[in-house]
Structures are given as C-alpha cells and as structure tokens.
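Asker: From the sequence below, what's the structure:
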Amino acid sequence: MSKREYEQYLANGRVFRHARHLRDNNQKILNLITSDDFDLGPDLTSAIGDLTEHLQDWARCWDKENDLRTPKDDDVFVFTGYKTYPKHLDALLQAHCD
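Answerer: Below you'll find the model as predicted:
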C-alpha cells in the first residue's frame, strides 16, 4: 500500500497530493505495528523497531514541513532529515511469509 503510493509520489513529480496519501498510509502502518496486538515474532522485532523509528521520524518531518508551508495539492513537497526506510525489512518479511 505505502510502497505503491511512494512510487506514485515519485512518478508524479513529488507533489503534495501524493505525499498526503503517503502520509495517511504510513500512519495506518504505524498504528498497526505499534498496537499491542501486533507481533510477527522475535526474528522481526528489530526490523519492525527500525520501521517504527523510520515512520515516526518521517511523520514528524512531514508534519513540520506541512505546517511551515501549507502546500496545495500540485505543489512539490520534498523534505529531508528523517531516518531512512529499513530496506532489509523487505527480505525479512518475504522470508517470514514463505
């Protein structure tokens, strides 16, 4: 869900409309992985922790930039300063699901 929206964001000029959808999707993921019911087992605990840190940091930067600029849907919306996505998580999740 979020990966597809991120690809749309990149493919469509990094405009706010797609950044907003990405923010909404990332918040849903963050809510899920920080809920008390979420547990994929000990082999993924560290990677999920990395994802949690990334999403929290990303959302903080997104919110700050949004508040500073109040962009319109077609405005370019790019910001930096957050922990990068833990790419190793993709392979771990795939292995977990196989």
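
Asker: going forward, measure contacts and count neighbours with C-alpha atoms only.
Answerer: Will do.

Asker: Show me where the chain has its helices.
Answerer: For the chain, applying DSSP state H gives helices covering 2-11, 16-33, 45-69, 88-97.

Asker: neighbours around Thr70, how many?
Answerer: Thr70: 12 surrounding residues under other CA atoms under 10 Å.

Asker: what sits against it?
Answerer: Neighbour list for Thr70: empty [criterion: CA atoms under 8 Å, 6 or more residues apart in numbering].

Asker: how about 10 Å then?
Answerer: If you count contacts by CA atoms under 10 Å, 6 or more residues apart in numbering, Thr70 has them with 16, 63-64.

Asker: Could you tell me which of those count as buried?
Answerer: Phe16 (16 or more other CA atoms under 10 Å).

Asker: re the thing from before, any idea which of the helices of the chain gets closest to Phe79?
Answerer: For Phe79, the closest of these is helix 45-69, at 7.0 Å, according to CA to CA.

Asker: which parts of the least confident helix or strand in the chain by mean pLDDT are buried?
Answerer: Least confident helix or strand of the chain, by mean pLDDT, DSSP states H and E, is helix 88-97 with a mean of 85. For helix 88-97, the neighbour count (16+ other CA under 10 Å) marks Leu89 as buried.

Asker: Good, wrapping up.
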